[in-house]
Structure formats: C-alpha cells, structure tokens
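Asks: need a 3D model of the sequence below.
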Amino acid sequence: MARIYAPAVWKVNEELFRNAGPNAGAAARVAFRARVYGGESDIDKSGRVLMPAKLREELNLEKQPVWLEAHNDAINVMNRGVFDARLQESDANGAVDLDVLTSAGLR
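Replies: Residues are numbered from 1 along each chain as shown. Next up is the predicted model:
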C-alpha cells in the first residue's frame, strides 16, 4: 500500500524521523523506504495524481484500478489484492471492532 501526504503533513513525519528517540530504528527503516520508493508528485491535466514509476511497479498499480482511502491525514492507495485483504479482515472483525469503539465513545 502507498500513502500520499500533503507537504505539511510530510514535514511533521520528517520531524518524527529525526526525533524518534526509542523508535529510532523503526523511523530509520520507514524513512529509508520512503526515500527509495517515494517522491514528490504532481497532478496532471486530467486531475490524476502522478506517482513515482518505481512505486507503481513495486505495488503492482500499473494499468489497473486502484482503491483510495482517506485516513489520518493521508490517502492510502491500494491495489486489488490489498483492498480485498483489508475488506476481508474488516468483515471478519466488524462486530467486535464496533463493540470496542462504541465502548470508547463511537456514536
């Protein structure tokens, strides 16, 4: 799955990477992966977000539909396999998750 961040949100992430404290190892690995596959994106004349070719290839996003999910100040981009797996997990845990969150204040 890929994530698209607004520049201001990504700057907050970069600050977290620099000041991760006890999570420095995880921060270094996530930052490395982001540098390898990520990059700045533009929107083309048709309103499509252009993602780096290496990322599209790695996630098998080329020449097929993708699913988008807005969550926690980012947009998650999923291919069919990831979408189906997440849907199956959500369906399998739906009743329990709803009970947990209702107890926590979900309305």
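Asks: correct me, but residue 65 touches residue 78?
Replies: No: Residue 65 is not in contact with residue 78 according to C-beta atoms under 8 Å; the separation is 10.0 Å. (Each C-beta comes from the backbone N, C-alpha and C, glycine too.)
Asks: ok, those two, which is more surrounded?
Replies: Applying other C-beta atoms under 10 Å to residue 65 and residue 78 shows that residue 78 carries more neighbours, namely 19 against 8.
Asks: list the residues that contact the nearest residue to the more buried one once chain neighbours are set aside.
Replies: Closest residue in space to residue 78, ignoring its immediate chain neighbours: residue 67 at 4.6 Å, by C-beta to C-beta, 6 or more residues apart in numbering. Listed by C-beta atoms under 8 Å, 6 or more residues apart in numbering, the contact partners of residue 67 are 77, 78, 79, 80, 82, 83.
Asks: neighbour-wise, which of those leads?
Replies: That'd be residue 77 among these, by other C-beta under 10 Å, with 21 neighbours.
Asks: would you say that one is within a helix?
Replies: No: assessed by DSSP: H, G, I helix; E, B strand; the rest coil, residue 77 does not belong to a helix; its assignment is strand.
Asks: for it, give me the pLDDT.
Replies: pLDDT for residue 77: 95.
Asks: what about the residue nearest to it when sequence neighbours are not counted, how many residues nearby?
Replies: Spatial nearest neighbour of residue 77, excluding adjacent residues (C-beta to C-beta, 6+ apart): residue 2 at 4.2 Å. With neighbours defined by other C-beta under 10 Å, the count for residue 2 comes to 20.
Asks: can you report phi and psi for residue 2?
Replies: As for residue 2, its main-chain torsions (degrees, to the nearest 10) stand at phi -110, psi 160.
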